[in-house]
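1. Have a look; sequence and predicted model below, questions after that.
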Amino acid sequence: MSRHPIRLTVNNKTYQATVSARMTLVDFLRDVAGLTGTHVGCEHGVCGACSVLFDGQPIRSCLMFAVQADGASITTVEGLTGEGGQLSPLQDAFWEEHGLQCGYCTPGMLIAAQALLQTTTDPTDEEIREAISGNLCRCTGYQQIIAAVRRAAATLAQKTPAEAVQS
């Protein structure tokens with residue numbers, strides 16, 4: 001099996017490794033970089049548990065080979081935390097709104113919501129639903145997740161959640 005040298009930036013840290021041509025990006029993140037927050041779910045790109053930001057865009061890391069990510073900048077769920085490990089406004093909103101239960105889908109949901117909030121400062125509930133529509137959750141019923149994204153948007157815009165609901 002052929003092996004290839006790669007270099008990528010994950011959460012602002014550079015990683016270099018020689019990997020098998022068939023190693024997926026999610027396996028690289030978990031097994032080589034030691035970042036286990038990105039979950040392996042269906043391994044078919046359906047569930048969204050393995051979502052990461054690839055050069056700022058959300059992707060399914062189970063559908064990409066690590067060699068395809070050579071030179072890219074990746075953000076995993078671990079990269080969403082603030083300085084000193086503080087929760088980001090989005091992570092805090094998930095906690096406050098009970099937007100997670102078993103937690104398996106949470107990393108992918110956070111990545112999808114982060115991608116939305118990077119481009120849309122005041123998303124509607126419909127925009128939030130669209131942004132997270134590729135991520136499956138079997139526990140929450142999605143309402144708390146939508147409320148969490150709304151709360152995070154309000155926090156980022158310095159609005160109260162009640163003001164965000166009215167807008």
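-> Looks like it came in fine.

2. So what are the structural domains in the chain, by residue number?
-> Following the assignment in automatic domain parsing, the chain carries domains at 3-80, 83-161.

3. which stretch in the ones you listed is the model least sure about?
-> Among these, domain 83-161 carries the lowest mean pLDDT, a mean of 93.

4. Save the domains of the chain as JSON lines, and put in mean neighbour count too.
-> For every residue, glycine as well, the C-beta is placed using N, CA and C. Formatted as JSON lines, the domains of the chain follow (neighbours: other C-beta atoms under 10 Å):
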{"stretch": "domain 3-80", "mean neighbour count": "18"}
{"stretch": "domain 83-161", "mean neighbour count": "18"}
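
5. nearest residue to the residue nearest in space to the middle of the chain other than its sequence neighbours?
-> For the chain, the residue sitting closest to the mean C-alpha position, by C-alpha atoms, centre = their mean, is I111 at 2.0 Å. Closest residue to I111 in three dimensions, ignoring its sequence neighbours and counting by C-beta to C-beta, 6 or more residues apart in numbering: S51, at 4.2 Å.

6. about what we covered before: would you confirm that the residue nearest to the centre of the chain contacts E78?
-> No. In this structure, I111 is not within contact of E78 by C-beta atoms under 8 Å, at 10.9 Å.

7. circling back to that earlier point, gap between the residue nearest to the centre of the chain and V77?
-> Using C-beta to C-beta, to the nearest Å, I111 is found at 6 Å from V77.
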